[in-house]
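Novice: Sequence below, structure please.
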Amino acid sequence: MFPISLQTSKWNKIAHRMFFAISMNWRGKPLVSLEVIGNLVTGANTKTGLKIEAFINRNEYKLGEKVHDKDLRN
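Specialist: So this is what the prediction gives:
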């Protein structure tokens, strides 16, 4: 299956609203591909007007690679 990471901070109210809308939108639907997941996430909206956009990042990243402070600021 595909790794899915939906993390929310307990202080981030917008992330909690997003996670609720996403989970309600894909409830009971098989998550069979990244495209299906992306469409379900993007299709999640709230009654109050929160619209969620998503994209699939197919880049590969090395684990444990250090980023210097200067590069991070840029």
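
Novice: other SSEs contacting the helix or strand of the chain with the lowest mean pLDDT?
Specialist: Least confident helix or strand, the chain: helix 13-25 with a mean of 80, by mean pLDDT, DSSP states H and E. Counting contacts by 3 or more Cβ pairs under 8 Å, 6 or more residues apart in numbering; DSSP states H and E, helix 13-25 is packed against helix 34-42. The way it works is simple: take the backbone N, C-alpha and C, and place the C-beta from them, glycine included.

Novice: angle of the helix it packs on against helix 13-25?
Specialist: Calculated by axes from the mean of the first three to the mean of the last three Cα atoms, to 10 degrees, helix 34-42 forms an angle of 120 degrees with helix 13-25.

Novice: contact partners of helix 34-42?
Specialist: Contact with helix 34-42 is made by 2, 4, 22, 25-26, 29-31, 52-56, as judged by Cβ atoms under 8 Å, 6 or more residues apart in numbering.

Novice: Show me which of these are buried.
Specialist: 22, 25-26, 52 (16 or more other Cβ atoms under 10 Å).

Novice: ok, so of those residues, who is nearest L72?
Specialist: I52 (26.6 Å; Cβ to Cβ).

Novice: how close does that closest one get to R27?
Specialist: As judged by Cβ to Cβ, to the nearest Å, I52 and R27 stand 15 Å apart.

Novice: How about T46?
Specialist: 15 Å.
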